[in-house]
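K.L.:
got a sequence here, can you model it:
(2 chains)
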Amino acid sequence: GAVVSQHPSWVICKSGTSVKIECRSLDFQATTMFWYRQFPKQSLMLMATSNEGSKATYEQGVEKDKFLINHASLTLSTLTVTSAHPEDSSFYICSATPIGGSYNEQFFGPGTRLTVL
Amino acid sequence: AQSVSQHNHHVILSEAASLELGCNYSYGGTVNLFWYVQYPGQHLQLLLKYFSGDPLVKGIKGFEAEFIKSKFSFNLRKPSVQWSDTAEYFCAVIRFDRGSTLGRLYFGRGTQLTVWP
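P.N.:
Coordinates of the predicted model:
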């Protein structure tokens, strides 16, 4: 149980285009989903916290207009990288907290590798 | 600055050798501590966690970790590693900000463990 999927797992796009990444909790409902970014040989950095039906809370230094997050249902959150540039190339990972769970209990997706040319 | 430090970036061991991976954090308040593992091509999985109580916690696959509050450390250990333990290991900390149970999960940069058969 507690499986989180991400789609796509790998995407290449041209500079200036937008890319949407989906994060789904497959066998549980999630009140909260988290989006992380990981650069090579560096730690995962929390980008934003997404609660179903409300606006995401972004971490300091993360541009909310650049990284649009939508959490429209209890099993799906999306991250859209708008007008992507090469510096946005990274590994994006989501996690989800089951309803009734605490922030201590996060289940992670497999990640999405974004390469912007 | 708030940080989670993992001292070893790459550890190479032979099977049956003992393992200890260091993790230190720099928060003074209430924290919950985690070790996650990421096997090649797979998502992050929880190895073990410490919330309170016995500072020596046991996780899956024979791993254990000891919380030493005075040293702000949470080192991961395994007495005898196996080839299948080859993976990347991440230490993580949730800090509970004053007045809120909304924790922020902070990761170390990870340690790549390679076990030779």
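
K.L.:
residues of chain A that sit close to chain B?
P.N.:
Taking CB under 8 Å from any CB of the partner chain as the criterion, chain A approaches chain B at residues A:4, A:34, A:36, A:41-46, A:49, A:93, A:95, A:102-104, A:106, A:108-111. Yep, even glycine has a C-beta here, placed from its N, CA and C like the rest.

K.L.:
ok, now how distant is B:Thr86 from chain A?
P.N.:
Applying CB to the nearest CB, to the nearest Å, the value for B:Thr86 to chain A is 17 Å.

K.L.:
pLDDT at the residue nearest to that residue when sequence neighbours are not counted, what is it?
P.N.:
Among residues not flanking B:Thr86 along the chain, B:Val115 sits closest, at 5.0 Å (CB to CB, 6 or more residues apart in numbering or on different chains). At B:Val115, the pLDDT value in this model is 97.

K.L.:
what separates the worst-scoring helix or strand of chain B on mean pLDDT from the chain centre, distance-wise?
P.N.:
Ranked by mean pLDDT, DSSP states H and E, the weakest helix or strand in chain B is strand B:103-107, scoring a mean of 80. Its chain's C-alpha centre and that of strand B:103-107 lie 13 Å apart, by CA atoms, centre = their mean, to the nearest Å.

K.L.:
just the buried members of the residues of chain A next to chain B?
P.N.:
Of all those considered here, the ones buried according to neighbour count by 16 or more other CB atoms under 10 Å in any protein chain shown are A:4, A:34, A:36, A:43-46, A:49, A:93, A:95, A:103-104, A:106, A:108-111.

K.L.:
need the three-state assignment for the residue nearest to B:Thr86.
P.N.:
What DSSP: H, G, I helix; E, B strand; the rest coil gives for B:Val115 is strand.

K.L.:
low pLDDT regions in chain B?
P.N.:
Applying pLDDT under 70 to chain B picks out residues B:1-2, B:97-103.

K.L.:
how near is the closest residue to B:Gln82 other than its chain neighbours to chain A?
P.N.:
Distance criterion CB to CB, 6+ apart; nearest residue to B:Gln82, sequence neighbours excluded, is B:Glu15 at 5.9 Å. Taken as CB to the nearest CB, the spacing of B:Glu15 relative to chain A amounts to 26 Å.
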